[in-house]
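Q: Predicted model follows, preceded by the sequence.
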Number of protein chains: 2
Amino acid sequence: MENKSSLLSSRGARIAGYEGILGKGFDMYVRDPYEQDTNPQGILNLGTSENKLCYDIIHERLTRPGMNSLDPHLLQYSDVQGLQSFREEIAKFLTEYARAQNPLDPEHIVVMNGCCSVLASLTAVLCDSEDAYLIPTPYYGSVYPDSWLYGKVRPVHVQLDSKMSDGESHPFMLTVKKLEDAMTEATKQGIRVRALILINPHNPLGDIYPAHLLKECLDFAHRYGLHVIIDEIYMLSVYDGTFASVHSLDRLPDPERTHIIWGFSKDFAMCGFRVGTVYTQSQEVRKALNQLACFHGCAGPVQQLLSRLIWDQEWINNTFLPANRRRLLKSRSILVNGLQKLNIPVLKGFAGLFVWADFRKFLKTQTFEAEMDLWWRLIHEKVYISPGQAFYCSEPGWFRLVFSDTVNKIQLGIERLQQALGVLAGFDSEDIPTHVSGEESTSEPEMIDSDATQLKKIVVY
Amino acid sequence: MENKSSLLSSRGARIAGYEGILGKGFDMYVRDPYEQDTNPQGILNLGTSENKLCYDIIHERLTRPGMNSLDPHLLQYSDVQGLQSFREEIAKFLTEYARAQNPLDPEHIVVMNGCCSVLASLTAVLCDSEDAYLIPTPYYGSVYPDSWLYGKVRPVHVQLDSKMSDGESHPFMLTVKKLEDAMTEATKQGIRVRALILINPHNPLGDIYPAHLLKECLDFAHRYGLHVIIDEIYMLSVYDGTFASVHSLDRLPDPERTHIIWGFSKDFAMCGFRVGTVYTQSQEVRKALNQLACFHGCAGPVQQLLSRLIWDQEWINNTFLPANRRRLLKSRSILVNGLQKLNIPVLKGFAGLFVWADFRKFLKTQTFEAEMDLWWRLIHEKVYISPGQAFYCSEPGWFRLVFSDTVNKIQLGIERLQQALGVLAGFDSEDIPTHVSGEESTSEPEMIDSDATQLKKIVVY
């Protein structure tokens, strides 16, 4: 009998061997989750991007009479692309909330069990093994395994950092020049780049790309014949400023190579439902996706339930969105105020469920090893936040902290951070200086506008 | 700008280019489905293996008060291997209904969105591209795309046919000698075989492997260091005889290479819920599967709902299973009687939702082209059944007909078949000869036992 190590194929061993920091952190949390009553010494999860603020509202809407009625056809096989009725509701929903120029076509939508599946299947059909996609760093770290595990597709990083060059208005700013440079370098190295992946609103930066930048990026991709995959999963989780969806642009330079992802996980606070969508005008791409869609199907009853949810725009507009926005702002202000007391600077953000914070002063050396050491120190103190290297950040010392959780947990998280970091805190938010920047920063700090929010004089870059 | 044909990668083009007959038939049906009131001229689907007989019972159970309660954690990310509570219920369920020798371990179970996903991910981690698995033909045709689309893994066919050799007790009989021969031939051709895939109860034959044959197959695989993937998705859809699960065997020759699939689609009449499971004792294989499991996740609420369903063994034993068995038998007898009137022989079956029937006399020539011509003739008459080549049958002229539908539809299906085939029918089932075989057959016919069933003197091989 062969030895145990030969149970898997080479591919299987490659797949099993992948280790992601976000997954690792989540796994540790799942094995020892903090619970106020039953496991108060458990790990506090401020590392996983989930919206836990709207359970009451979502629960009330999902459990109204008739929502879970179970028509016979829902128990049977259905269109692998997604139930026609569901795709019609999604088309109407996206047309409205992404402010599409023209009514979106339900035939252009493919429904899958989450945006990870969308990304895995999309990169698999657009790229061959060893092909690459351009992606600005830092970026949502799961893009890497999503494209790597099945598809063996790789990223070419477009490295952004906190240092601002001439003409840049904020740290980690994306410019087409940076895309051009990365593309040129990749081509020199003989790497075949097939796509550009953008996340907007951005994870982990909380940034929103202005419409003109989006257009420039699309034009850039078109010049090089690249597909553009835009992940707009935080489309409605915007608490400051205005988001411009690619759907809302007046023209797409290359519509057949433009693929727009959106899902229910973040904006409707239901990661556990596993429903993501992609909008693509290319019949050829949809045909390929639909072949793989049988491996990424959603339960019929779930599709029906969510159809009924997004059909109710009155509830979305007047109940859910205002409450969600209010709660996101409140939780964010608590976290940012807490970090401020620890003198931890936070990047100005506009959307998402997290802040991008500068822990560089707590690193023993400005290295990723030191960042990892700090991460373990925090885990040891039972607080899980996500280190920048989980997002392939080029600069060590940045962490993403999720704020979309209860006030108690966020406050406890701050306490544990303080404990782990060994810092003195306690000065009042009124007393702090208006401009504090990280020790390594060369950029000018910016202020979050305090009018529309409860945030006061938050220290940010 | 590049031309349209270059939108996909080579892999994407390969994936898009796959065309399966089962999928094609289903797609035609979805576009024009028969409905008694609204679309009586639509396509009647006796080609897709779905149990439509138990909607009332399942619906009643699933919609009892409390079944759809929505705990907060169900809206959040959870263990990608499947909810712990769900895996515990599945372990108990399989221990009981598969008559496991020892209590099954919830840690050995991986939950995915359907058995297609299980097969896709399992073959991907056990086999490299261009590796192969042995599989007796005919077999459930989707095994091919399940292993081919993502994994590029191929079948090596172990061809069974209706001619019985010495010592064989029935047509399409699997023997280890046939496995050995196929393995030898594959090795000669330089094909790397990594696994044996068995379907038991068998789709499309409706056969059940006796325990001694299962053991011989497992021993065979062990001799060659092959993984064994056993698909037991029809485990409870047995209407005659006794099924022996691999779980029930007193020893497994190579437990770490034995992977047992089961799902809710067939046995609980809920294909639309997309829930499949695999039981594997190998931690290494599970680790690899769990990496891919994020692409094949089931909604948390669905996992909870089905936990509650299989928890209720009183209902399963006293309500669901007896009714399901009774209805399967009744529908089967209506279909078999109908086919008998058309003088179409049917293979003796014990399980599943279908019969395997001999249409060879209706082929213009004994070729797969003629089989396809007949298939189109039937589609033209608006009745979809599945031709043998969809199951990689080596002998043209066999079709799989699904009987687990309402009496009306089956009777209409028979009428349309009669119309399409242009045969005279109408002689009573009492009048037919007890032995009729297909024109090409060399085998002795067998009788289905009529005691436990409503079937009388059915003409079978």
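A: Everything's here; your move.
Q: contacts, neighbours, all on C-alpha from now
A: OK.
Q: for chain A, what's the longest helix?
A: The longest helix of chain A (DSSP state H) is helix A:321-341.
Q: pLDDT of the next helix or strand after that helix, averaged?
A: Per DSSP states H and E, the first helix or strand lying C-terminal to helix A:321-341 is strand A:354-358. Strand A:354-358 shows a mean pLDDT of 98.
Q: so what secondary structure elements neighbour the next helix-or-strand element following strand A:354-358?
A: Per DSSP H and E, the first helix or strand lying C-terminal to strand A:354-358 is helix A:368-380. For helix A:368-380, the contact count by 3 or more Cα pairs under 8 Å, 6 or more residues apart in numbering or on different chains; DSSP states H and E identifies strand A:386-387, helix A:407-421 as packing neighbours.
Q: Alpha carbons only: can I get helix A:368-380 in PDB?
A: C-alpha atoms of helix A:368-380 as PDB (Å, rounded to 0.1, in the frame of the first residue of the first chain):
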ATOM      1  CA  PHE A 368       5.900  41.200   7.300                       C
ATOM      2  CA  GLU A 369       7.400  38.900   9.900                       C
ATOM      3  CA  ALA A 370       6.900  41.500  12.500                       C
ATOM      4  CA  GLU A 371       3.300  42.000  11.300                       C
ATOM      5  CA  MET A 372       2.700  38.300  11.700                       C
ATOM      6  CA  ASP A 373       4.200  38.400  15.200                       C
ATOM      7  CA  LEU A 374       1.800  41.200  16.100                       C
ATOM      8  CA  TRP A 375      -1.100  39.300  14.600                       C
ATOM      9  CA  TRP A 376      -0.300  36.300  16.800                       C
ATOM     10  CA  ARG A 377       0.100  38.500  19.800                       C
ATOM     11  CA  LEU A 378      -3.500  39.800  19.100                       C
ATOM     12  CA  ILE A 379      -4.800  36.300  18.600                       C
ATOM     13  CA  HIS A 380      -3.200  35.300  21.900                       C
END
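Q: And that helix, what's buried?
A: A:Phe368, A:Ala370, A:Glu371, A:Met372, A:Leu374, A:Trp375, A:Trp376, A:Arg377, A:Leu378, A:Ile379 (16 or more other Cα atoms under 10 Å in any protein chain shown).
Q: ok, now how distant is A:Cys217 from A:Ile197?
A: Separation of A:Cys217 from A:Ile197 (Cα to Cα, to the nearest Å) stands at 10 Å.
Q: swap that for A:Cys116, sorry
A: 13 Å.
Q: ok, now which ones touch the residue in the stretch 51-200 of chain A that chain B sits nearest to?
A: Residue of the stretch 51-200 of chain A nearest chain B, by Cα to the nearest Cα: A:Val125 (3.7 Å). Remark: with contacts taken as Cα atoms under 8 Å, 6 or more residues apart in numbering or on different chains, A:Val125 is in contact with A:Val285, A:Ala288, A:Leu289, B:Leu8, B:Ser9, B:Ser10, B:Arg11, B:Gly12, B:Ala13, B:Ile15.
Q: burial count for the last one?
A: Counted with other Cα atoms under 10 Å in any protein chain shown, residues neighbouring B:Ile15 total 24.
Q: try the third one
A: A:Leu289 has 28 neighbouring residues, counting by other Cα under 10 Å.
Q: buried stuff in whichever strand or helix holds it?
A: Using DSSP H and E, A:Leu289 falls within helix A:283-293. By neighbour count on 16+ other Cα under 10 Å, the buried set for helix A:283-293 is A:Glu284, A:Val285, A:Arg286, A:Lys287, A:Ala288, A:Leu289, A:Asn290, A:Gln291, A:Leu292, A:Ala293.
Q: Beyond it, next helix or strand please.
A: Where DSSP H and E defines the elements, the next helix or strand beyond helix A:283-293 is helix A:300-311.
Q: Give me the contact list for the next helix or strand after that following helix.
A: Once the chain leaves helix A:300-311, the next helix or strand it forms, by DSSP H and E, is helix A:313-315. Residues outside helix A:313-315 that contact it (Cα under 8 Å, 6+ apart): none.
Q: what's the offset of helix A:313-315 from the middle of its chain?
A: 25 Å (Cα atoms, centre = their mean, to the nearest Å).
Q: Next: stretch A:247-261.
A: On Cα atoms, centre = their mean, the centre of stretch A:247-261 falls 20 Å from the chain's centre.
Q: for stretch A:149-161, same thing?
A: 15 Å.
Q: Check stretch A:389-397 too.
A: Distance, centroid of stretch A:389-397 to centroid of chain: 15 Å (Cα atoms, centre = their mean).
Q: same deal with stretch A:288-295?
A: 24 Å.
Q: Could you point out which residue ranges in chain A have low pLDDT?
A: For chain A, residues meeting the criterion pLDDT under 70 lie at A:1-5, A:423-461.
Q: Centroid-nearest residue for it?
A: A:Asn203 (4.1 Å; Cα atoms, centre = their mean).
Q: where's it, which helix or strand?
A: Per DSSP H and E, there is no helix or strand for A:Asn203.
Q: Hmm, it is touching A:Thr137, no?
A: No: shown here, A:Asn203 and A:Thr137 do not form a contact pair, counting by Cα atoms under 8 Å, at 10.0 Å.
Q: Domain boundaries for chain A, per the record?
A: Domains of chain A are assigned by automatic domain parsing as A:8-55+A:322-421, A:70-314.
Q: And the helices in the stretch 51-200 of chain A?
A: In the stretch 51-200 of chain A, the helices defined using DSSP state H, counting those that start in this stretch lie at A:55-62, A:84-97, A:115-126, A:143-148, A:176-188.
Q: mind listing what's buried in the longest one?
A: For helix A:84-97, the buried set under the neighbour-count rule, 16+ other Cα under 10 Å, comprises A:Gln84, A:Phe86, A:Arg87, A:Glu88, A:Glu89, A:Ile90, A:Ala91, A:Lys92, A:Phe93, A:Leu94, A:Thr95, A:Glu96.
Q: Just give the closest residue to the third one, not the sequence neighbours.
A: In space, A:Arg87 comes closest to A:Pro106 once its chain neighbours are excluded; the distance is 5.0 Å by Cα to Cα, 6 or more residues apart in numbering or on different chains.
Q: is it true that the one you found touches A:Gly82?
A: No: applying Cα under 8 Å, one finds A:Pro106 not in contact with A:Gly82, separated by 9.8 Å.
Q: A:Ala211 - how many residues pack around it?
A: 16.
Q: That should have said A:Gln411, apologies.
A: 15.
Q: just A:Tyr18 next, same as before
A: 12.
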